[in-house]
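*Asks:* Sequence and predicted structure are below.
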Amino acid sequence: MKSSRAFFPFRPCHTATAVAALASLTAGGLLLPVAAFGQTAFEAGATAVASEAPIKSLGVVTINSGQPTSLPTQIPTTMEGITREQLERTINATDSEDALKYFPSLLVRKRYIGDYNHAVLSSRASGTGNSARSAVYADGILLSNYLGNGVGGLSFPPRWGLVTPEEIERVDVMYGPFSAAYPGNSVGAVVDYVTRMPTKFEAHGKISHSRQPFELYSTGATYNASQASASLGNKSGDWSWWINANHTDSHGQPLTFPTRVVSTGAPGNAGTAVTGAVPGQNNANAPWYILGTGTEYHTVQDHLKIKLAYDITPTLRASYMLGYWQNKSEGRPASYLRNAAGQGVYSGQVNIDGRSFTLNGGDFALTDENLSHVMHGLSVKSHTQSEWDWEAAASLYDYSRDLKRQNAAGNALPAAATGGAGTLADGSGTGWNTLALKGTWRPQGIGGAHIADFGAQQDSYRLRYRTSNIAGNWQADGPGTLASNVRGDTQVRSLYAQDAWAFAPRWKTVLGARLERWTASDGLTDFSASSALAFASRSESFVSPKAALSWQWADDTVLKASAGRAVRFPTVGELYGATSTANSQYINDPNLRPEKSCTTELTAEKDLGSGLLRLTFFTENTRDALYSQTAFDAAANLNISRVQNIGRIATKGLEAAYNGFDVLAKGLDLSGSVTYADSIIKENSGFVATPGDTLGRQQPNIPRWRATAVASYRFNPQWAATLGARYSGPQFRTLNNADVNGYAYQGVSKYFTTDLRVRWQVSKTVAAAFGIENLNNYKYWNFHPYPQRSYMAELKFDI
């Protein structure tokens, strides 16, 4: 199998020159790069992993799938992939996003096992605050949450919980917006999870446990997580089915910390004298006190997946999927402050080292969440591999219940632990639905010079989020008076076409375009009966051209170049989603402009016999970049998030990746990547503190350097051990790069972490594994603290 990617100069994107090389993939490698311009076959019902893995030829990937998948037939971009066997052998996977841990240039901001509201995917030029700049699918069904962007106010990470690690057959990642089949949100990366569909009866079970000793500030405790999963599936005649159930009980480390900047305290003796405050420096190196811990989640989640497939004919399959996810979560704080009697202090005026500060219920907030989400997917797809193939697909994601309760600012601990005033936020009725009609035309049949993909798509998003006051018991009472009500709809209708043309021996190009019509309507922001703001409907249209070119320079080398435009439209949350709680506020902007990016990529990939070496030069020029920023307002004692357009951000960089199998010795697989990215704000009429203070600054959450390395050794068919490492250089969270101290709450630090996994195939049906995450116990931050050294054990049964 071979991989590569392509570039073709056209306006309005700038051009560049480059070299690219493509090489064979084999199922023995740790990661399977599946570069743009190759051929890939996901044969329906195939039992061998190799037959389901993307295959490449001249840099264009060709897809044949009997089950729904988001992958278009022709893929003009670099790809990386991982199989189920590799995942089981090399990664301590507790959540589906863990499969992406060692992919080049990717990071998921996962803070604890079962992280359901902050696990945002970042890529080469898209940081962990930009969840709407990547696209995540499972069997062709959208998991990315384009109701909003990032985690300011409400939270919009992909719905990772609708896929469990035990379901995964393989994962493929495409870098960049070079396929016309995807919306502008694909500008960062497209992730496609292909889940299991049985060819005979099979049953699986897995139990696992994780233990994390954690020490930070005055917190010293051990946090545990347990999981259990069971799966059944079978194929009988034309019918096949699959059922997966998963239960997670996870207690994460503290994530937030109430603080006071020293200079904001009034000198004197006023207030209750307290001890226990931890002195430190905030992300701007200003002295402050850490008063305790805030959000410490205990989450209990259940997942159920049912998949049915019916082969109407040998070349036509109908598939249905039902996914159900529920979560009951508690967020609890703890105070470090003690009065003269040794009692915890949570509110009122306190005195620390001769300075007085006032605390309220928002400093030590309590939250209870009760969530039930349902996902449906339906598709009918042909896979004749003759002149014509087609697919019709639809999906629905519904927040059937989405309740969050929180104590009020005037209702502080310890009284708030048993009731009192608060709020009830209800997002029930929120969700999205998608429709797609896709076709593939091979005028000369398989192996012909042309393969054309085309289609029509409609994606609709609906936000309904009402927050009500509760005067009596915030933990149990129904909604009272209105606190806020936000709502709105967005919709994108698209037409696309692209043609892969082998116009000469050893040469291939992919040319395409995507036409999109975006509308926003029914926008409402309401904070009282007399302050409702209704917003006029909006609509805009854009065309995004795509092009790629590849050359098989030598039998073991492919050179590729790609260019594409992507338009990322404002989400309904960014336009209308103003929210306010006891300790946070989100400010929307109904006049946001769409974000326009021009991206290029130049790649050389070479087959080294026992591995694949790739070097990629990439650029991205983004105008009107959509950005949400969160800053702590000391006067208001609130984390305030604002969304805005940034004039222009320019990124250029290099990415080197290697994947080898049986390197130096039989059984030794090695992989690694190094990425350099120079991402700079070039134009911006806005500012943070003073005019011009963002110009020439690094784009937030994009480090200049990052790297991964994995060594996996198969001692024999029963035993395997893997050591992995990840590195990220210094970065900033703020647009003006004023957060120079990354090792603090709300800071973003560099990190170097290592992970260990040992797997023992006890018998044909039983396997056990032991792992250590963050083996070197590196303490690092991305606004919140990441997990420290964690120990994991699992037992798996297969029939």
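*Replies:* Looks like it came in fine.
*Asks:* which residues touch the residue nearest the centre of the chain?
*Replies:* Centrality entry for the chain: nearest residue to the mean C-alpha point is L121, 2.8 Å, by CA atoms, centre = their mean. Shown in contact with L121 (CB atoms under 8 Å, 6 or more residues apart in numbering): 97, 100, 106-108, 128, 131, 134, 136, 157-158, 188-189, 191. (Each C-beta comes from the backbone N, C-alpha and C, glycine too.)
*Asks:* 10 Å instead?
*Replies:* Neighbouring residues of L121 by CB atoms under 10 Å, 6 or more residues apart in numbering: 97, 100, 106-110, 128, 130-131, 133-136, 144, 157-158, 160, 173, 188-189, 191.
*Asks:* Y627 too?
*Replies:* Going by CB under 10 Å, 6+ apart, Y627 touches 127, 129-130, 149-150, 152, 574, 595, 642-646, 649, 681, 684, 686, 694, 699-700, 735.
*Asks:* just the strands in the stretch 651-799 of the chain please.
*Replies:* Taking DSSP state E, counting those that start in this stretch as the criterion, the stretch 651-799 of the chain contains strands spanning 668-683, 705-714, 719-728, 751-760, 766-773, 781-782, 784-785, 790-798.
*Asks:* what's the closest of these to A394?
*Replies:* For A394, the closest of the strands of the stretch 651-799 of the chain is strand 790-798, at 33.2 Å, according to CB to CB.
*Asks:* just the angle between that closest one and strand 766-773, please?
*Replies:* With axes from the mean of the first three to the mean of the last three CA atoms, to 10 degrees applied, the angle from strand 790-798 to strand 766-773 works out at 160 degrees.
*Asks:* from the chain's centre, how far out does strand 790-798 sit?
*Replies:* Strand 790-798 sits 24 Å away from the centroid of its parent chain (CA atoms, centre = their mean, to the nearest Å).
*Asks:* Could you do stretch 398-418 as well?
*Replies:* Taking mean C-alpha positions (CA atoms, centre = their mean), stretch 398-418 and its chain are 27 Å apart.
*Asks:* Okay, buried residues for that stretch please.
*Replies:* 398-399, 402-409, 411-413, 416 (16 or more other CB atoms under 10 Å).
*Asks:* Now intersect those with the strands, please.
*Replies:* Among those, DSSP state E puts 398-399, 402-407 in strands.
*Asks:* what about this structure, any weak spots by pLDDT?
*Replies:* 1-76, 152-153, 529, 579-586, 629-641 (pLDDT under 70).
*Asks:* what are the ranges of the helices in it?
*Replies:* Here the chain has its helices, by DSSP state H, at 49-52, 84-90, 572-576.
*Asks:* most neighbours per residue, which of those helices?
*Replies:* Among these, helix 572-576 has the highest mean neighbour count (mean count of other CB atoms under 10 Å), at a mean of 28.
*Asks:* just checking, what packs against that one?
*Replies:* strand 450-470, strand 482-504, strand 507-526, strand 533-535, strand 611-633, strand 638-660 (3 or more CB pairs under 10 Å, 6 or more residues apart in numbering; DSSP states H and E).
*Asks:* In PyMOL, how would I pick out whichever of the contacts of Y627 are buried, leaving the exposed ones unselected?
*Replies:* Buried residues within the contacts of Y627, by 16+ other CB under 10 Å, are selected in PyMOL with:
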select buried, resi 127+129+130+149+150+152+574+595+642+643+644+645+646+649+681+684+694+699+700+735
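*Asks:* Any idea how many residues pack against N776?
*Replies:* By the measure other CB atoms under 10 Å, the count of residues near N776 is 11.
*Asks:* any idea how far R493 lies from L463?
*Replies:* Separation of R493 from L463 (CB to CB, to the nearest Å): 19 Å.
*Asks:* what about those two, which has more around it?
*Replies:* Between R493 and L463, counted using other CB under 10 Å, the more crowded position is L463 (27 against 16).
*Asks:* In contact with the more buried one, which residues?
*Replies:* Listed by CB under 10 Å, 6+ apart, the contact set of L463 reads 147-148, 154, 399, 427, 429-432, 486-490, 522-524, 571-573, 575-577.
*Asks:* residues in contact with the closest residue to T195 other than its chain neighbours?
*Replies:* Nearest in space to T195, with sequence neighbours left out and distances taken as CB to CB, 6 or more residues apart in numbering, is E167 at 4.3 Å. Neighbour list for E167: 84, 96, 138-139, 193-197, 204, 229, 231, 242, 244, 246, 303, 305, 307 [criterion: CB under 10 Å, 6+ apart].
*Asks:* Buried by neighbour count, from these: which ones?
*Replies:* The neighbour count (16+ other CB under 10 Å) marks 84, 96, 138-139, 193-197, 204, 229, 231, 242, 244, 246, 303, 305, 307 as buried among the contacts of E167.
*Asks:* quick one on the thing from earlier: closest to D453 among the buried residues of stretch 398-418?
*Replies:* Proximity of the buried residues of stretch 398-418 to D453 (CB to CB) peaks at D398, which lies at 29.8 Å.
*Asks:* So in terms of bridging, what pairs with the closest residue to the closest one other than its chain neighbours?
*Replies:* Among residues not flanking D398 along the chain, G431 sits closest, at 4.3 Å (CB to CB, 6+ apart). G431 has these beta-bridge partners by DSSP bridges: D398, R462.
*Asks:* how much space between G431 and H303?
*Replies:* 18 Å.
*Asks:* and what of L668?
*Replies:* Using CB to CB, we find L668 at a distance of 36 Å from H303.
*Asks:* With D238 instead?
*Replies:* Using CB to CB, D238 is found at 28 Å from H303.
*Asks:* Just grab the bridge partners of S539 for me.
*Replies:* On the basis of DSSP bridges, S539 is bridged to T519.
*Asks:* so how far is stretch 766-783 from its chain's centroid?
*Replies:* Relative to its chain's centre, stretch 766-783 lies at 19 Å (CA atoms, centre = their mean).
*Asks:* buried stuff in that stretch?
*Replies:* 767, 769, 771-775, 778-783.
*Asks:* what do you get for stretch 520-539?
*Replies:* 520, 522-523, 525-527, 535, 538.
*Asks:* Tell me which two of these sit farthest apart.
*Replies:* Pairwise distances across the buried residues of stretch 520-539 peak at 22.1 Å for F527 and R538 (criterion: CB to CB).
*Asks:* gap between the most far-flung residue of the chain relative to its centre and D115?
*Replies:* When distances to the mean C-alpha position of the chain are computed (CA atoms, centre = their mean), the maximum falls on N269, with 48.5 Å. Distance check for N269 against D115: by CB to CB, it reads 43 Å.
*Asks:* cool, and Q644?
*Replies:* 27 Å.
*Asks:* who's R355 bridged to?
*Replies:* If you apply DSSP bridges, the partners that R355 bridges to are P267, I352.
*Asks:* which residues touch it?
*Replies:* By CB under 10 Å, 6+ apart, the residues touching R355 are 260, 262-271, 289.
*Asks:* any idea which of these is closest to N591?
*Replies:* Closest approach between the contacts of R355 and N591, by CB to CB: T264, at 33.7 Å.
*Asks:* Surely E169 touches S231?
*Replies:* No. Contact status for E169 versus S231: not in contact, 12.0 Å apart, counting by CB atoms under 10 Å.
*Asks:* quick one: common contacting residues for those two?
*Replies:* Counting by CB under 10 Å, 6+ apart, the common neighbours of E169 and S231 are R196.
*Asks:* ok, back up a step: quick one: residues contacting the residue nearest to D398.
*Replies:* Contacts for G431 were tallied using CB under 10 Å, 6+ apart; they are 145, 147, 373-375, 396-400, 402, 460-464.
*Asks:* Much appreciated, bye for now.
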